[in-house]
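**Student:** Predicted coordinates and the sequence they were generated for:
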Amino acid sequence: MTEPTPTLPNDAQIQKALSNVIDPELRKDIVELGMVRSAVVHANGVVDVTVSLTTAGCPIRGHFEKAVREHVGALEGVTGVNTAFDVLSDEEKSGLQKKLGRSSLPEGALAQVGRVICIASGKGGVGKSTLTANLAAALSAEGRRVGVLDADVWGYSQPRMFGLGAGRPKVNAERKILPHESHGVKVMSIGFFVDEDSAVVWRGPMLHKALTQFLEDVAWGELDDLLVDLPPGTGDVSMTLSQLLPDSQFLLVTTPQQVAQKVARRSADMAAKFNIEIAGVVENMASFVTPEGERFPIFGEGGGRLLADELDVPLLGQVPLTMPLRENSDAGIPLVYANPDDPASQAIRQIARGLIAIAPIAPLPMVDEQPPEPPAPAGMSLPMA
């Protein structure tokens, strides 16, 4: 007895499934945006979908590929999903701009960035910014091309950590902001746009606009890793960046004591709500190491391991607190460069190697050529104090 032929989805069902794929930059689904170039269902149940991007180097194409596969692959009769990409024509882009009432479309400033890692903590005072600066230096020492985005808007400290002061960045001929560079690391911070050490008193909409511009209008160039120093907690900035960077990873920083570990768990909960991968946990201030080499667990022990086990992610390292770590942070020279043999330097370099090992860079596929005759389409300045 022959088995019944499975029912294949029709075009309406495919389009409905694709309407669940949201462009996180434009906040609308790809069907409404006219970004579905074609969707072909083959007799064997394989569906070929071509998505038209706003720019050839779209940094979130991985998000589209994963979402298309998830939603189309869930339809009855579908045995596989292939996703390809092309680029909207100038005429199509113009039509989309008018449709959205925008003067421009996202230009994919992060297109040459291999990986975005958001350094997060549930509370302040756990050494997140110090870790970010030294981890960037450690990755650079391993031969990686690294950038740091200081998104801790109210507590910005990366300019000081890298000894950069408050000089305003230059703008290139393409009107892109050029990040400052220190010790081979590209750095961008709101601290470069306000008077040195002055307070930033902004509400949600201004923060969102500034962060969006840091991602869209900064000439980051080719980077292997962009580290984002998030503010503590799960407020506006962290949520905005989670939405703008759906393919990023979170690195959670905690101290050993139970209260910090439980608060850091909330950042993990936020990452889960936005379907963001947690790369691992770092236990900072794991002990105090004296100049003579004695260790004192002044903040307790085991909090990082407990959090990593609870989340089922790796504990990438335990960083001790040393006097040179504090001194070099104040001096604007990452300890990893100044004293690579310090116990804190060694621990941070181990974390950098762990991050490289668990997430090798693999470029996502793009179609090489655009269709010869594409069918007709269906259908901000940085605030300164």
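**Tutor:** Okay, I see it.
**Student:** From now on I want contacts and neighbour counts done on CA atoms only, so please keep to that.
**Tutor:** Fine.
**Student:** Local confidence estimate at the closest residue to E222 other than its chain neighbours?
**Tutor:** Nearest non-adjacent residue to E222, counting by Cα to Cα, 6 or more residues apart in numbering: Q112, 4.7 Å away. Per-residue pLDDT puts Q112 at 72.
**Student:** From N82, how far out is Q112?
**Tutor:** Counting by Cα to Cα, to the nearest Å, the separation of Q112 from N82 is 23 Å.
**Student:** again, but for V47
**Tutor:** Separation of V47 from N82 (Cα to Cα): 6 Å.
**Student:** These two: which is more packed in?
**Tutor:** Shown here are V47 and N82; by other Cα atoms under 10 Å, V47 has more neighbours (23 against 16).
**Student:** Give me the contact list for the helix or strand harbouring that one.
**Tutor:** If you go by DSSP states H and E, V47 is part of strand 46-53. The contact list for strand 46-53, computed with Cα atoms under 8 Å, 6 or more residues apart in numbering, reads 35-41, 61, 72, 78-88.
**Student:** cool, stretch 319-326 as well?
**Tutor:** With contacts defined as Cα under 8 Å, 6+ apart, stretch 319-326 is touched by 282-291, 334-335, 342-344, 347-348.
**Student:** Buried among the contacts of strand 46-53? Need that as a selection in ChimeraX.
**Tutor:** Those of the contacts of strand 46-53 that count as buried under 16 or more other Cα atoms under 10 Å are selected in ChimeraX with:
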select :35,36,37,39,41,61,72,78,80,81,82,83,84,85,86,87,88
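**Student:** just checking, which of the contacts of strand 46-53 belong to strands?
**Tutor:** Mapping the contacts of strand 46-53 onto strands (DSSP state E) picks out 36-41, 80-87.
**Student:** Surely H71 touches A17?
**Tutor:** Yes. Under the criterion of Cα atoms under 8 Å, H71 makes contact with A17 at 5.5 Å.
**Student:** re the thing from before, quick one: the strand holding V47 to strand 36-41, angle?
**Tutor:** Orientation check (axes from the mean of the first three to the mean of the last three Cα atoms, to 10 degrees): strand 46-53 against strand 36-41 gives 180 degrees.
**Student:** Export strand 46-53 to PDB, keeping only CA atoms.
**Tutor:** Listed next in PDB are the C-alpha coordinates belonging to strand 46-53 (Å, rounded to 0.1, in the frame of the first residue of the first chain):
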ATOM      1  CA  VAL A  46      12.000  21.800   0.100                       C
ATOM      2  CA  VAL A  47      11.300  25.600   0.200                       C
ATOM      3  CA  ASP A  48      13.700  28.100  -1.400                       C
ATOM      4  CA  VAL A  49      13.300  31.600   0.000                       C
ATOM      5  CA  THR A  50      15.100  34.700  -1.300                       C
ATOM      6  CA  VAL A  51      15.200  37.700   1.000                       C
ATOM      7  CA  SER A  52      16.100  41.100  -0.300                       C
ATOM      8  CA  LEU A  53      18.300  43.100   2.100                       C
END
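**Student:** and that strand, which residues are buried?
**Tutor:** Within strand 46-53, the residues scored as buried using 16+ other Cα under 10 Å are 46-53.
**Student:** okay if I get these as CSV plus pLDDT?
**Tutor:** Converted to CSV, those look like this (pLDDT from 0 to 100):
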residue, pLDDT
V46, 94
V47, 95
D48, 95
V49, 95
T50, 94
V51, 93
S52, 91
L53, 88
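**Student:** Which of those sits closest to G304?
**Tutor:** L53 (40.6 Å; Cα to Cα).
**Student:** could you measure the closest one against A347, distance?
**Tutor:** Distance of L53 to A347, given as Cα to Cα: 41 Å.
**Student:** go on, L325?
**Tutor:** L325 sits 12 Å away from A347, going by Cα to Cα.
**Student:** likewise E181?
**Tutor:** To A347, E181 is 24 Å away according to Cα to Cα.
**Student:** just to revisit the earlier point, can I get the ones in strands among the contacts of strand 46-53 in TSV with pLDDT and distance to S248?
**Tutor:** What follows is these, written out as TSV (pLDDT from 0 to 100; distance: Cα to Cα, whole Å):
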residue	pLDDT	distance to S248
V36	94	24
R37	94	26
S38	93	28
A39	94	28
V40	93	30
V41	93	31
G80	94	26
V81	95	23
N82	94	23
T83	93	20
A84	92	21
F85	90	21
D86	90	23
V87	88	23
